[in-house]
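Peer 1: Coordinates for the following, if possible.
(2 chains)
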Amino acid sequence: MEFEEQQVLLRNTVSRFAKEQLAPLASEIDQQERFPRETFEKMAELGLLGLGIPEEYGGFRGKIVEACIVGEKLARYCASTAASWGAHVDLCAANICRNGTEEQKKRFLPDLATGKKLGGMAMTEPDAGSDVLAMKTRAVQDGDFYVLNGRKTFITNGPVGDLFLVYARTDPKARGKGITAFVVEKGFDGFTSGKKLEKLGWRGSPTGDLIFEDCRVPRENIIGEVNGGVKILMSGLNSERLLLAAESLGLGRACLEDSVQYARERVQFGKRIADFQMVMEKLARMATKVEAVKAMVWSQAFKMSENGPAAMTMETAAAKLLASEMALQNALDATQIFGGYGYIREFPVERYLRDARIMTIGGGTSEIMCQVIFRELEKGL
Amino acid sequence: MPSTPRAFTMKILVCVKQVIESETTIRIDDSEKWIHTDKSTPYRMNRFDEFAVEEALLIKEKFPYVTIDVISVGPAISVMAVKRALGMGADHGIHIITEQEGYLSPYVTASLIASFAQDKNFDLILAGVMAEDHMQGQVGPMIAELLSLPCATSTIFERLSPNNGTVYVEREIEGGLRDTLELSLPAVLTIQTGINKPRYPSLSNVLRAKKQKMETIEVSSSEQPEPKERVVRLALPKKSRSGVVLEGTQQEKAAQLLQILRDKSILT
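Peer 2: Predicted coordinates:
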């Protein structure tokens, strides 16, 4: 499991880009709860918004390994930017790449690849979170259109996005077999985005509701088959979880690196706090967890790049579980090492903690990850 | 090198160096002559060289018949600087691999580049004004000398006139003033920071970098010219004292500060 040369180049390029362009804005966009449009323009210039989209649709190839490389490095310096980027390339564009028809790919992907349009995905509803198949948003056929009514919530890029992959119920009697995937674009009649939700972390990545009031979506915007939406939805979960694991890795590494640097500089009782065994142990354990997650994320990313996301449900759930809990624990430890300075906004560590908090919730909670893992275990018995 | 410029092809050579990331904590190795490095040591392209690569790319945007070769002399890790330049948009990469890690005399570097460039008809050779690690600023001028080419250092503006076979150059001098020069091509320019805004390598170029042609030239120590100097010893500067916190009323603290500044001859 060795990175290829161009993957190393990609990592170095993105790492420097993130350090120079994302890090200086990270605190500002967090405090102002502002979407960094200027950063996304720069990412578009670099080609990062077209990662994973085939070249014939204006993208820049790259598989899940490349996505994880970028996700980790963006999250290392700004978890919010990584989140909005992930929703665009993975939740939206990658799924259209996987499941769209040739005509749909030609229609939707070029604008996503160049960043002319920002993408997102909408499955969660006020009463359908972990139990996503309980979604109620309705889609009723009317000639060549489907009329959508309902409300989605907690949608990353909701307030700023242009194009969303939206799941709605086309058969109220069937549960899993009555859901269909639609592409809904800003400007469609009856489609509005609700107010931006104020959050604990990921504050530079706008989250909000999408509201559908007799929103007419043309039939040719259905991704996959009518009532076949769950397949589309499930096809994205494994890569989403692995990407979130990679972003957690970036965040956990930020906590570790900043803590090591601080512990070497901070002097108390006449010596560096790094020389106190209790601090030393904390740092060693943080590093150990990072190493474990690193091994897990990259071995799975290579495997997924090779064989596709199917049949990796248990591994990716396990990676997401371990990585997100590592990020959260490392963020807690980092704030402890920084002491008072870990609690004030002059240092990035308190932001790491707030950004890490979502990692065990979004993209499937730790509890759901455990449930998924156990079900896979049972299958094997 | 023939001195007549060719109107429809133009070749630029950019010299780049891979250096240790400047924020890295460094440790001097047991020989006391070099810095300890290992697999985790972070490197980057010398910042000054990034401006040189960008300047070449801007010239290419203006004159599409320009091709850009990028060259680096150094151990295996140096190839990353060349690859980065290819990612930024350069056409060809050349890596002259030297056997040993450690100090490489600018004379050796310049000689190897000059002997590579000798019969290649480059119209323009660009380099950063210096490398941020040793800050010697010698490689560019030495290449010019070895190839008997005109040279301008610390270039802050250039305008190429391929048809006249000249390049107009503004050099940064003391106090923000500028020297203006006109050099006949071929010529060597060393590029000062601030001349442009170096771009990031684009993803399409990075993911394509593998396919791009890289020429690797191995040079054993015996084939290298004799360095003109050697490193005697490296030492870290004495650790400066940590800060002093002044105590007392505002007036007392002001008086103490004034005394400190006078003691250090900062104020008289």
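Peer 1: Would you map the helices across the chain?
Peer 2: Assuming you mean chain A. Listed in chain order, the helices of chain A (DSSP state H) span A:5-17, A:23-32, A:37-46, A:64-77, A:79-86, A:95-99, A:102-113, A:229-265, A:277-307, A:313-338, A:349-357, A:366-380.
Peer 1: meant chain B, my bad for not saying
Peer 2: Going by DSSP H, chain B shows helices at B:47-62, B:79-88, B:106-117, B:139-146, B:203-208, B:250-263.
Peer 1: Nearest spatial neighbour of the residue nearest the centre of chain B, chain-adjacent residues omitted?
Peer 2: Closest to where the C-alpha atoms of chain B average out (CA atoms, centre = their mean) is B:Gly128, at 3.5 Å. Nearest non-adjacent residue to B:Gly128, counting by CB to CB, 6 or more residues apart in numbering or on different chains: B:Phe48, 2.7 Å away. In short, each C-beta sits where N, CA and C put it, glycine included.
Peer 1: Next one: the one you found relative to B:Thr193, how far apart?
Peer 2: 6 Å (CB to CB, to the nearest Å).
Peer 1: Please report how far the nearest residue to B:Ser22 once chain neighbours are set aside lies from B:Ser154.
Peer 2: In space, B:Ser22 comes closest to B:Glu132 once its chain neighbours are excluded; the distance is 6.1 Å by CB to CB, 6+ apart. As for B:Glu132, its distance to B:Ser154 is 15 Å (criterion: CB to CB).
Peer 1: So these two - more neighbours on which side?
Peer 2: A direct count of neighbours by other CB atoms under 10 Å in any protein chain shown for B:Glu132 and B:Ser154 places B:Ser154 higher, at 21 against 18.
Peer 1: So that one sits against B:Glu174, correct?
Peer 2: No - here B:Ser154 lies out of contact with B:Glu174, judged by CB atoms under 8 Å, at a distance of 10.6 Å.
Peer 1: What residue in the stretch 1-150 of chain B comes nearest to chain A?
Peer 2: At 5.4 Å from chain A, B:Lys83 is the closest residue in the stretch 1-150 of chain B, using CB to the nearest CB.
Peer 1: again with the stretch 151-268 of chain B
Peer 2: Residue of the stretch 151-268 of chain B nearest chain A, by CB to the nearest CB: B:Leu203 (3.1 Å).
Peer 1: ok, how many other residues are close to that residue?
Peer 2: Applying other CB under 10 Å, we find 26 residues neighbouring B:Leu203.
Peer 1: check contacts around the nearest residue to it once chain neighbours are set aside.
Peer 2: What sits nearest to B:Leu203 in space, not counting adjacent residues and going by CB to CB, 6+ apart, is A:Gly47, at 3.1 Å. Contacts for A:Gly47 were tallied using CB atoms under 8 Å, 6 or more residues apart in numbering or on different chains; they are A:59-60, B:202-204.
Peer 1: Just among those, which is most surrounded?
Peer 2: Neighbour-wise, these (other CB under 10 Å) top out at B:Leu203, 26 neighbours.
Peer 1: who's in contact with the lowest-mean-pLDDT helix or strand in chain B?
Peer 2: When each helix and strand of chain B is scored by mean pLDDT, DSSP states H and E, helix B:203-208 comes last, with a mean of 77. Residues outside helix B:203-208 that contact it (CB under 8 Å, 6+ apart) are A:6, A:9-10, A:13, A:46-48, A:50-51, A:55, A:60-62, A:66, B:86-89.
Peer 1: Out of the residues you listed, which end up buried?
Peer 2: By neighbour count, with 16 or more other CB atoms under 10 Å in any protein chain shown, the contacts of helix B:203-208 hold A:6, A:9-10, A:13, A:46-48, A:50-51, A:60-62, A:66, B:86-89 as buried.
Peer 1: Quick check, pLDDT for the residue lying closest to A:Ser305 once chain neighbours are set aside.
Peer 2: In space, and not counting its chain neighbours, A:Ser305 is closest to A:Lys63: 3.9 Å by CB to CB, 6+ apart. Looking at A:Lys63, its pLDDT reads 90.
Peer 1: where does A:Lys63 fall, phi/psi-wise?
Peer 2: Here is the backbone geometry of A:Lys63 (degrees, to the nearest 10): phi -110, psi -160.
Peer 1: surely it meets A:Lys303?
Peer 2: No - checked against CB under 8 Å, the pair A:Lys63 and A:Lys303 is beyond contact range at 11.0 Å.
Peer 1: Let me know how buried A:Gly363 is, in neighbour terms.
Peer 2: As a burial measure, A:Gly363 scores 24 neighbours (other CB under 10 Å).
Peer 1: for the strand ranked longest in chain B, packing partners?
Peer 2: Counting residues, the longest strand in chain B under DSSP state E turns out to be strand B:151-161. Strand B:151-161 sits against helix B:47-62, helix B:139-146, strand B:166-173, strand B:177-184, strand B:187-191, with contacts defined as 3 or more CB pairs under 8 Å, 6 or more residues apart in numbering or on different chains; DSSP states H and E.
Peer 1: Fine by me, thanks again.
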